[in-house]
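Visitor: Here is my input; please provide its structure:
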Amino acid sequence: MLGRKNKYNFIAVRNSGPGIPREELENIRERFYKVDKSRSRRGTGTGLGLSIVKKIVEMHGGKVAAESEPGHGAVITVYLSSTEHV
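Guide: Now for the predicted structure:
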């Protein structure tokens, strides 16, 4: 989903996975963090994706938000400041 909220343009990506427990949401943007520790043995990711996104977005004055309800997937939203160019 693309949109505009206040002074930000945003893109939101929703998945239909198992969701992320509330107590894990703040950690998912940290380097090498994985919610499901058992998946780390199967080589299904490094835990770097969202930390890289967060760093790049923050360098551009934006922010990354995460919402989830266990059993109902997750939504990751990237907000970037909207500017008017002449």
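Visitor: and the residue nearest to the spatial centre of the chain, which of the three is it?
Guide: The chain has Ile76 as the residue nearest its centroid, 3.8 Å off, counting by CA atoms, centre = their mean. Following DSSP: H, G, I helix; E, B strand; the rest coil, the label given to Ile76 is strand.
Visitor: Who are the contact partners of it?
Guide: Contact partners of Ile76, counting by CB atoms under 8 Å, 6 or more residues apart in numbering, are Ala12, Val13, Leu50, Val53, Val64, Ala65, Ala66. Glycine gets a C-beta too; all of them are placed from N, C-alpha and C.
Visitor: go again using 6 Å as the cut-off
Guide: Val13, Ala66 (CB atoms under 6 Å, 6 or more residues apart in numbering).
Visitor: next one: the one 5 residues further on
Guide: Contacts were defined as CB under 6 Å, 6+ apart; by that measure Ser81 touches Gly61.
Visitor: tell me the pLDDT at it?
Guide: For Ser81, the model assigns a pLDDT of 90.
Visitor: Can we start the residue count at 20 from this point?
Guide: Shifting the count to begin at 20 puts that one at Ser100.
Visitor: returning to what we had before: beta partners for the residue nearest to the centre of the chain?
Guide: According to DSSP bridges, the residues that bridge with Ile95 are Val32, Ala85.
Visitor: Next, work out how far apart the closest residue to Gly80 other than its chain neighbours and Pro89 are.
Guide: With CB to CB, 6 or more residues apart in numbering as the criterion, Gly80 has its nearest non-adjacent residue at 4.8 Å, and that residue is Ser100. Distance of Ser100 to Pro89, given as CB to CB, to the nearest Å: 32 Å.
Visitor: would you list every one of the strands in this protein?
Guide: Under the criterion DSSP state E, the chain carries strands at the ranges 21-24, 27-33, 82-87, 93-100.
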